[in-house]
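Q: The sequence and its predicted three-dimensional model are supplied below.
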Amino acid sequence: MLRFVLRRLMLLVPVMFGLTVMMFIIARLLPGDPVGLAAGPNATQAEIAAYARDFGLDQPVWVQYGRYLWGLLHGDLGVSIFSRRPVLADLIAYLPATMELVFAAMALAVGLGIPAGLAAAVWRNRWPDYASRVAALAAISMPRFFLGLLLQLTFAMWLFWLPLGGRFPIILEPPPTVTGFLTLDALFAGDWEAFVTACRHLALPAIAMCLSPLATIMRMMRASTIEVLQQDYVMTARALGLPPRLIVFKYVAKNAVSATLTVIGLYFGWLLGGTVLVETVFDWPGIGLYATSAIVSQDFMPVIGVALVIGLMFMLVNLLVDVLYGVINPKVRYT
Amino acid sequence: MTDITESARSYAMRRGWFRFRQSGLSMLGAALVLAVLVIAVIGPWIAPFPEHIAGGVDTANRFRSPSMAHPFGTNELGQDVLSLVLAGTRVSVLAGLGVVLIGTIGGTLVGAVAGFVGGWADEMLMRLADLKLVVPGLILAMAVAAALGPGLMNMVIAIALSWWPGYARLVRGEVIARKEEVYVTAARAMGATPARVLFRHVLPNIVSPIVVKMSLDMGFAILTVASLGFIGIGVRPPTPEWGTLLSVSRSYMPDFWWTAVFPGLAMFTAIFGFNLLGDGLRDVLDPKARR
């Protein structure tokens, strides 16, 4: 088990290396004039050159890349050419907001998707199943940013039930930082009001994000439940006269969930990348919004940083999923 | 002998078509896709205000709510939203097709070579494809699109660059599975070159999973195109594109909701249609996924 985890952690190194190479190729070899953009429209040629020198952008690409790798080994992810702030500090500041959103969306998706998939499988080929199939396809077809906009329009602009965007009102004092998740921090501080405020801000973006993973998890859960329902031991349990409810909840659900777990892991990375759109709609101050503003201004150090962080999180979560497999299904052996 | 295989094939097709027709959802998907394709072709001609598509403005009629003259209302420049949405269909469909075609061709070539040749070529190509699994496609596409600059073609290239690995994986798996079949050995024994074996014997047999993936991907490609437009690094106005239209309208919410809701609905309808069709095709063409 430990060897398996260590081996997987070792695999992180070449993947991260490949990622930096790929992002550097995009950043440096494609046309585009980040320095000119950053220096502003009125900058003279000399000013632009000075700007480029400040950031080492006048050096050949491989020198820049070497410097970047050297910095990376020392925990330095470079400096944004726009804000002149270190990328690592920005990432640390913005990452918790994104993680909170992703976890909230994932909790909704798993919490609703697994029971819904189970129900669709149990009532297979009857109306709940058809309804869930149409709903799942519709959910996957719904652009997240459009759904976000509709939610804003309905719940924030017409009904005034929930805030339009942002993470916490500026006029209020946020709870002291422990985890960086405002909802958890508010609970730790025992500040019920702050918890409710944080949840109210979290609700719409999390709903806009969760729909597509919810649909996929539901379909996966349906398929794996149907497979499990056809196994011999289910037939035995039925023949023994066990009540259907007991069979489904005690014997089928657990085995069906383990197959669905992989999708959950894969979706995690997808959600991390997908926050870009939802964060833009809801002005959610996470790494997605950070990446978008950096990309629009062709400020590539933050973009590479975001790509690295997302890649790292993705691989760690998938490692966690593989370990969880063993917990749910003891037959799985790690080699 | 040709006769027998021909009739078997047409029998399979007839059966498939029958199964496809049985499903109301698949037929709805096919109808939606057909409508979208027809509008993509004739959209600019049936638009009630063709001058607005080219960027013409009508400042006297800004923000008119939906009415008989303007069923979808008018936007901040007084342009007819219906005309823009109709014209935007062509942009989205073309971009989606471009992404899927480039992705399919590139991915199929890479996957076929990786699966057929094996060894270090396989290792190299597939590790390259694996990278895509780690970086979210949208971020990669955004970065490339931003570096290449705005424009439809650049956007298609940017998205296609993050699109091919899915096809490469699929084709590689299928090629490896087919490579050991008896008909491949037979073709080899008759002295066929590796290229001929690959293109004449192996690839034609794995067309259906590729087609299923293409139709399922079409909706997703349209979605990605719109996403880039929404973020502001896709097609620039005055070219009407659904995502861009939606992004511009955001500032005029909630009073002028129609400027955003109708382009969004068009987007949803098109994507939904392609997803329904793809799902139906998969049921027919891919017996493994059938339940």
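A: Sure, I can see it. Residues are numbered from 1 along each chain as shown, chains lettered A, B, ... in the order given.
Q: from here on, contacts and neighbour counts on C-alpha atoms
A: OK.
Q: so how far is chain A from residue B:247?
A: 9 Å (C-alpha to the nearest C-alpha, to the nearest Å).
Q: any idea of the pLDDT on that residue?
A: We have a pLDDT of 83 for residue B:247.
Q: Which helix or strand contains it?
A: helix B:242-249 (DSSP states H and E).
Q: can you pull out the helices in chain B?
A: B:2-22, B:24-46, B:50-53, B:81-117, B:119-134, B:137-148, B:152-161, B:164-179, B:182-189, B:194-196, B:207-231, B:242-249, B:258-285 (DSSP state H).
Q: burial of the closest residue to chain B within the stretch 101-250 of chain A, as a residue count?
A: Nearest residue of the stretch 101-250 of chain A to chain B (C-alpha to the nearest C-alpha) works out as residue A:141 at 5.0 Å. Residue A:141 has 25 neighbours, counted by other C-alpha atoms under 10 Å in any protein chain shown.
Q: same check, this time on the one 3 residues further on
A: By the measure other C-alpha under 10 Å, the count of residues near residue A:144 is 25.
Q: Could you do residue B:72 as well?
A: 23.
Q: So for residue A:296, what's the nearest residue that isn't a sequence neighbour?
A: Spatial nearest neighbour of residue A:296, excluding adjacent residues (C-alpha to C-alpha, 6 or more residues apart in numbering or on different chains): residue B:146 at 6.3 Å.
Q: From what I see, that neighbour and residue A:295 are in contact.
A: Yes: between residue B:146 and residue A:295 there is a contact at 6.2 Å, judged by C-alpha atoms under 8 Å.
Q: So the two - more neighbours on which side?
A: Using other C-alpha under 10 Å as the criterion, residue B:146 and residue A:295 rank with residue B:146 on top: 28 against 24.
Q: Quick one: name the residues of the stretch 151-291 of chain B near chain A.
A: B:219-220, B:223, B:227, B:231-233, B:246, B:250, B:253-254, B:257, B:261, B:264, B:267-268, B:271-272, B:275-276 (C-alpha under 8 Å from any C-alpha of the partner chain).
Q: which of those residues are buried?
A: B:219-220, B:223, B:227, B:231-233, B:246, B:250, B:254, B:257, B:261, B:264, B:267-268, B:271-272, B:275-276 (16 or more other C-alpha atoms under 10 Å in any protein chain shown).
Q: Which residues of chain A lie near chain B?
A: Checking chain A against chain B by C-alpha under 8 Å from any C-alpha, the hits are A:15, A:18-19, A:26-27, A:30-32, A:137-138, A:141-143, A:145-146, A:149-150, A:153, A:157-158, A:269-270, A:272-274, A:277, A:280, A:292, A:295-296, A:298, A:303, A:307-308, A:310-311, A:314-315.
Q: Make a PyMOL selection of the buried ones in those.
A: Applying 16+ other C-alpha under 10 Å to those leaves a buried subset, and the PyMOL line that selects it is:
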select buried, chain A and resi 15+19+26+27+137+138+141+142+143+145+146+149+150+153+157+269+270+272+273+274+277+280+292+295+296+298+303+307+308+310+311+314+315
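Q: who's in contact with residue A:119?
A: By C-alpha atoms under 8 Å, 6 or more residues apart in numbering or on different chains, the contact set of residue A:119 is A:128, A:129, A:222.
Q: Rebuild those residues as JSON lines, extending it with neighbour count.
A: Compiled in JSON lines, these are given as follows (neighbours: other C-alpha atoms under 10 Å in any protein chain shown):
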{"residue": "A:128", "neighbour count": "15"}
{"residue": "A:129", "neighbour count": "20"}
{"residue": "A:222", "neighbour count": "28"}
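Q: so the residue of the stretch 101-250 of chain A closest to chain B sits right up against residue B:278, yeah?
A: No: checked against C-alpha under 8 Å, the pair residue A:141 and residue B:278 is beyond contact range at 11.9 Å.
Q: Just to check, residue A:143 is in contact with residue B:223?
A: Yes: using C-alpha under 8 Å, residue A:143 is in contact with residue B:223, at 6.5 Å.
Q: okay, which residue is most central for chain B?
A: The centre of chain B sits closest to residue B:218, judged by C-alpha atoms, centre = their mean, with a distance of 2.2 Å.
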